[in-house]
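Novice: I'll drop the sequence and a predicted model, then ask my questions.
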Amino acid sequence: MNYNKKTVKDVDVKGKKVLLRCDFNVPLAKDGSGVITDDKRIRAALPTIQYLLDQGAAVIACSHMGKPVASFDKWVQKQTEKGKDPATLTEEKWKKSLADLSLKPVAARLSELLGKSVTLAADVVGPDATAKAAALKGGEVLLLENTRFEKGETKNDPELAKKMAAMAEVYVSDAFGAVHRAHASTAGVAAYLPAVSGFLIQKELEVIGGALAAPKRPLVAILGGSKVSSKIGVINNLLELADTIIIGGGMAYTFSAAQGGKVGNSLLEEDWKDYANEMVKKAQAKGVKLLLPVDTVVADAFAPDANSQVVKSGEIPDGWEGLDIGPETVKLYCDAVADAGTVIWNGPMGVFEFDKFAVGTKAVAEALSKTSAITIIGGGDSAAAVQQLGYADKMTHISTGGGASLEFMEGKELPGVACLLDK
Ligand code: ADP
Ligand code: MG
């Protein structure tokens, strides 16, 4: 995939109507009050919006939010599958489920952050949106309703894409969190308008794309998290690129078991043992250094206050489970990143959500903060871990897309990037 894409600075947006795809899929309070519990994603879009406004563009912003079911029949079907009694499923309840995923709170927060009014359209491409978009002037911001209120959005329906495109003259995508999906608003629309990236996607492409295409070496990949099975693509791709691969987290126990180790109650994917061995062989054949934990912190329960002890890898007693890398492994891994040119990190080293088992993840974050390497964090939980442990501002780049950054590291083509104009 070509990562060298035109940006908002490579096209003339002065006085133009710009359709801007953002990732405003923010977490909302569970009580249905519409309170945004973390506005990071809205703030992340501000530089691009501000730039467009400074250029005198009329900004028509759009985003998805959650997973609304855009047709009543389909909603009834899904709720019934979940075990709800069909007799209780009224059209009113369906409409309420949609209303809960309105972008209304986003419009309010965006307006506060920009210090100017943001109008919310009642629909995506319906009469209200089209009229408001037509009347929109340079320097003004309109937010369309949740793109997934349209059935055609997730199906990448060309008719929907055409209608969205018809409202604007230029398409700017800044929704990195959604570029791995070929939807009408993330990819389809680019067929009908000059399509470029905003600053957020530009940075993701520069940093992650740069590290994948021409890394400053040595390139060290740290892979952890829960399961081997969810990281196969990443391991495979990085084995082709990296000089060193470090394995930690829950997936390390499948590697250990595959080599005949005892893993007690640790996370284990029996079906992936052969694959783990294959990866070890592949690394040997390619001359990639593959580091596995030499010791591990085990607990007598999966709980924050469980009893714990340190044991050698492959020697976990019955009834115990590994929840973190051990102190010798920490030292080994910190040494391995010390003189790296680039470090790509995906997946925590242990159950960092429990303080007692966050030690390994914290030590690795600390080690990264001290290197002069380009440090890239990808994956939703890894980003959360680095933030929670207080090292966020010490990293070169923390990807804003969980699933998207994983697919990026897997070397997959991202439809929301591929559709943008090449430089
Ligand atoms: P990311 O979202 O960064 O890609 P993953 O979703 O793969 O990361 O994994 C994150 C999860 O892995 C965390 O919730 C963490 O608690 C869990 N995890 C890490 N180590 C272990 C372990 N030893 N046992 C069980 N879960 C683990
Ligand atoms: Mg995750």
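Specialist: Thanks, I have the structure now. Ligands and ions are numbered 1, 2, ... in the order given.
Novice: so what's the residue count around the residue in the stretch 51-200 of the chain positioned nearest to ligand 1?
Specialist: The nearest approach of the stretch 51-200 of the chain to ligand 1 comes at G177, 12.8 Å away (C-beta to the nearest ligand atom). Backbone N, C-alpha and C define where each C-beta goes, glycine included. The number of residues packed near G177 is 27, by other C-beta atoms under 10 Å.
Novice: and D38, by the same measure?
Specialist: If you count neighbours by other C-beta under 10 Å, D38 ends up with 10.
Novice: just checking, it touches F24?
Specialist: No - using C-beta atoms under 8 Å, D38 is not in contact with F24; the gap is 11.8 Å.
Novice: then stretch 217-233 to CSV, C-alphas only?
Specialist: Extracted as CSV, the C-alpha positions of stretch 217-233 are listed here (Å, rounded to 0.1, in the frame of the first residue of the first chain):
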residue,chain,number,x,y,z
ARG,A,217,17.1,0.0,12.6
PRO,A,218,17.4,-2.0,14.6
LEU,A,219,13.6,-2.5,14.6
VAL,A,220,12.3,-4.1,17.7
ALA,A,221,8.7,-5.3,17.9
ILE,A,222,7.2,-6.0,21.3
LEU,A,223,4.1,-8.1,21.1
GLY,A,224,1.9,-9.0,24.0
GLY,A,225,-1.7,-8.8,24.9
SER,A,226,-4.1,-11.7,25.5
LYS,A,227,-4.1,-14.1,22.6
VAL,A,228,-1.9,-15.5,19.9
SER,A,229,-4.9,-16.0,17.7
SER,A,230,-5.7,-12.3,17.6
LYS,A,231,-2.1,-11.3,16.8
ILE,A,232,-1.2,-13.9,14.1
GLY,A,233,-1.2,-11.3,11.3
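Novice: buried sites along it?
Specialist: Across stretch 217-233, burial judged by 16 or more other C-beta atoms under 10 Å covers 218-228, 231.
Novice: and the one residue in the stretch 251-400 of the chain that gets nearest to ligand 2, how far is that from ligand 1?
Specialist: In the stretch 251-400 of the chain, the residue found nearest to ligand 2 is D381; the distance is 4.0 Å by C-beta to the ion. Separation of D381 from ligand 1 (C-beta to the nearest ligand atom, to the nearest Å): 3 Å.
Novice: can you tell me the helix or strand for that residue?
Specialist: When elements are assigned from DSSP states H and E, D381 belongs to helix 380-388.
Novice: ok, now how distant is D39 from ligand 1?
Specialist: 21 Å.
Novice: that residue against N25, yeah?
Specialist: No - taking contacts as C-beta under 8 Å, D39 lies outside contact range of N25: 11.8 Å.
Novice: so for the two, which residue has more residues nearby?
Specialist: For the pair D39 and N25, the greater number of neighbours falls to N25 (20 against 17), based on other C-beta under 10 Å.
Novice: what secondary structure does the residue of the stretch 201-350 of the chain found nearest ligand 2 sit in?
Specialist: Per C-beta to the ion, the residue of the stretch 201-350 of the chain with the smallest distance to ligand 2 is G225, at 6.4 Å. Under DSSP: H, G, I helix; E, B strand; the rest coil, the three-state class of G225 is coil.
Novice: the residue lying closest to it once chain neighbours are set aside: how many residues sit nearby?
Specialist: Sequence neighbours aside, G347 is the residue nearest to G225 in space, at 2.9 Å (criterion: C-beta to C-beta, 6 or more residues apart in numbering). Neighbours of G347 under the rule other C-beta under 10 Å: 25.
Novice: check G347 and give its pLDDT.
Specialist: Per-residue confidence (pLDDT) for G347: 95.
Novice: that one against K231, yeah?
Specialist: Yes - contact criterion C-beta under 8 Å: G347 and K231 qualify, at 6.5 Å.
Novice: fine by me, we can end here.
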